[in-house]
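**Student:** Prediction below, plus the sequence it came from.
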Amino acid sequence: MCSLVPKEPNNLTIGNCQINGQVFLAPMSGITDAPFRMIAQSLGAPAAVSEMIASEELFLNRKESIRRARNHINAVPSNPFIIQLAGREANMMAEGAEIASDLGADIIDINMGCPAKKVTGGLSGAALMREPQRALRLIEAVVRAGRCPVSVKMRLGWDDGQINATVLAKSAENAGVSMITVHGRTRCQFYKGKADWQAISKVKQSVSIPVVANGDVTSIKQAVNALSVSGADAVMIGRGAQGQPWLPGQVAEYLKSGHIKADPTLQSELQILLWQYIETLFHYGRDLGVRCARKHLLWSLDRHAAKIPALTQIRRSICTAEEPNQVMELLKRFYGTAMESTPA
């Protein structure tokens with residue numbers, strides 16, 4: 001493991017898009033919706049990828065898929081709008097790519113890494129790594145159909161007996177893909193064990209396009225280590241940003257300047273959470289928004305409730321409150337109690 005020293009800053013060029021930093025917020029189903037991406041980018045994340053969107057659902061103009069593919073009007077204008085598509089039929093992926101371009105996508109990302117059973121059961125996501133020829137046909141179709149650069153997110157392989165990320169990455173580059181992201185686990189590992197950043201280095205050495213290392217990047221130190229071990233051009237942060245959307249921005253700032261930006265104060269964290277809550281209600285509508293926001297609230301609250309027992313009951317009330325105004329008042333009470341309980 002390396003010491004906490006940043007690499008030389010390396011902005012990325014993805015086709016005709018410039019990424020002003022070395023950090024991406026990962027696509028996470030049901031999590032990286034437009035409000036969360038907007039908050040993370042406003043707090044310094046150079047780029048954020050949309051939730052996974054089924055190409056067929058997008059083609060059928062399903063309301064939920066269109067909402068997933070929607071950018072946020074307050075997103076950082078200089079950051080690229082990246083839509084991730086999933087599917088297994090080349091024609092549907094091509095249609096989805098055209099629609100994503102029409103919706104304003106600057107980059108289209110192809111999902112070949114999702115390990116979820118409901119995705120791989122439909123032979124999409126990481127299941128495509130078991131069918132490299134089909135995967136290549138999908139890639140070629142999206143590259144031909146899209147009017148913007150294409151990236152691919154994959155795992156190391158399906159299982160330990162089928163590690164083929166390097167071969168697939170080479171084929172993707174030859175087909176016209178502009179960037180590869182590799183999660184340093186196989187599909188069968190899901191999120192168990194440790195991400196193998198060293199294995200990602202083999203992919204990096206095999207292609208000339210930018211490679212992004214993903215998996216277990218939950219701190220500045222881990223980001224630096226992941227870049228050092230993998231030789232990748234950037235890192236992608238997923239679960240580490242849950243409950244702390246400022247983390248990608250902190251990592252990006254450190255990699256640029258060597259400056260460690262402090263975590264938000266409790267008062268600032270409250271304001272961020274209220275902002276995200278209001279934006280979530282606006283995005284989904286009141287009733288659905290209240291439900292969709294809960295997981296984000298709890299990721300933030302649990303970090304403090306674990307240390308301060310007096311917060312447990314307030315947290316419980318926030319979990320069950322249905323009225324947005326009541327939720328916001330409880331959040332203020334929660335953080336007020338946390339501030340009173342935290343030594344100056």
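**Tutor:** Arrived safely, thanks for sending. Keep in mind it's a predicted model, so treat the numbers as computed, not measured.
**Student:** which one is residue 57 nearest to, not counting chain neighbours?
**Tutor:** residue 65 (4.0 Å; C-beta to C-beta, 6 or more residues apart in numbering). Backbone N, C-alpha and C define where each C-beta goes, glycine included.
**Student:** same question, residue 208
**Tutor:** Residue 208's closest residue in space is residue 173 (C-beta to C-beta, 6+ apart), at 7.0 Å.
**Student:** hang on, the earlier thing: tell me the predicted confidence for the residue nearest to residue 57.
**Tutor:** Per-residue pLDDT puts residue 65 at 78.
**Student:** Could you verify that it is part of a helix?
**Tutor:** Yes: using DSSP: H, G, I helix; E, B strand; the rest coil, the secondary structure at residue 65 is a helix.
**Student:** Against residue 56, how distant is it?
**Tutor:** 9 Å (C-beta to C-beta, to the nearest Å).
**Student:** just residue 23 next, same as before
**Tutor:** 31 Å.
**Student:** Comparing the two, which residue is more hemmed in?
**Tutor:** residue 23 (29 against 21; other C-beta atoms under 10 Å).
**Student:** Only the buried residues of the lowest-mean-pLDDT helix or strand in the chain, if you could.
**Tutor:** Within the chain, no helix or strand scores below helix 63-68, which has a mean of 77 by mean pLDDT, DSSP states H and E. Using 16 or more other C-beta atoms under 10 Å as the test for burial, helix 63-68 gives 65, 67, 68.
**Student:** Could you tell me how many residues sit around the spatially closest residue to residue 192 that is not a sequence neighbour?
**Tutor:** Excluding its sequence neighbours, the residue lying closest to residue 192 (C-beta to C-beta, 6+ apart) is residue 185, at 7.8 Å. By the criterion of other C-beta under 10 Å, residue 185 has 24 neighbours.
**Student:** The one 3 residues further on now?
**Tutor:** Residues within reach of residue 188, counting by other C-beta under 10 Å, total 16.
**Student:** and the closest residue to residue 211 other than its chain neighbours, what does it touch?
**Tutor:** Nearest residue to residue 211 in three dimensions, chain neighbours excluded: residue 204, at 4.4 Å (C-beta to C-beta, 6+ apart). With contact taken as C-beta atoms under 8 Å, 6 or more residues apart in numbering, residue 204 is in contact with 211, 230, 231, 232, 233.
**Student:** Now with 7 Å, please.
**Tutor:** Taking C-beta atoms under 7 Å, 6 or more residues apart in numbering as the contact definition, residue 204 lies against 211, 230, 231, 232.
**Student:** Give the burial count for the third one, as a bare number.
**Tutor:** Applying other C-beta under 10 Å, we find 18 other residues in the vicinity of residue 231.
**Student:** Hmm, residue 201 and it touching each other?
**Tutor:** Yes: Residue 231 lies in contact with residue 201 (C-beta atoms under 7 Å); the separation is 4.8 Å.
**Student:** where do the contact lists of those two overlap?
**Tutor:** The contact sets of residue 231 and residue 201 do not overlap (C-beta under 7 Å, 6+ apart).
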